[in-house]
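Q: Need coordinates for the following:
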Amino acid sequence: MDPDASKPADWDEEEDGEWISPTMPNPEYKGPWRQKTKPNPEYKGPWVEPTIPNPDYETDDSLCKFILFLFLFPYLYGQFE
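A: Residues are numbered from 1 along each chain as shown. Reported below is the predicted structural model:
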């Protein structure tokens, strides 16, 4: 708050509300605070999960068809009932 500021002579508390003195700029303000960081020479970027090949893995397309059937069957059955 500005200690030298005074309430204007034509200020009406009922009409204008409570008078608040204007603020003064802070000469020591240098912007929003940010934490200082130091470089990390061992940083290799964001972590990526390594993938390990699985020779026993086989895709099964019939599983998708079965799951689709489980979700659609009650809907279709209700249509013909």
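Q: just for this protein, where's the confidence low?
A: Of all residues in the chain, those with pLDDT under 70 make up the ranges 62-69, 73-81.
Q: need the helices for this protein, in chain order.
A: Here the chain has its helices, by DSSP state H, at 13-16, 61-80.
Q: W11: what's its closest spatial neighbour, skipping adjacent residues?
A: Nearest residue to W11, sequence neighbours excluded (CB to CB, 6 or more residues apart in numbering): W19, at 5.4 Å. Just so you know, the C-beta spots here come from the backbone N, C-alpha and C atoms, and that holds for glycine as well.
Q: residue contacts, the one you found?
A: K7, P8, W11, E13 (CB atoms under 8 Å, 6 or more residues apart in numbering).
Q: from these, which single one is nearest Y29?
A: K7 (26.7 Å; CB to CB).
Q: tell me, how many neighbours does the closest one end up with?
A: Residue neighbour count, defined by other CB atoms under 10 Å, stands at 10 for K7.
Q: Which residue, other than its chain neighbours, is closest to it?
A: Closest to K7 by CB to CB, 6+ apart is W19, at 4.7 Å.
Q: Tell me how far the one you found lies from D4.
A: From W19 across to D4, the span is 15 Å (CB to CB, to the nearest Å).
Q: Equivalent analysis for K38, please.
A: 44 Å.
Q: cool, and M24?
A: As judged by CB to CB, M24 and D4 stand 9 Å apart.
Q: And those two? Which one has more around it.
A: Taking other CB under 10 Å, M24 and D4 do not tie; M24 has more neighbours (11 against 6).
Q: Thanks a lot, catch you later.
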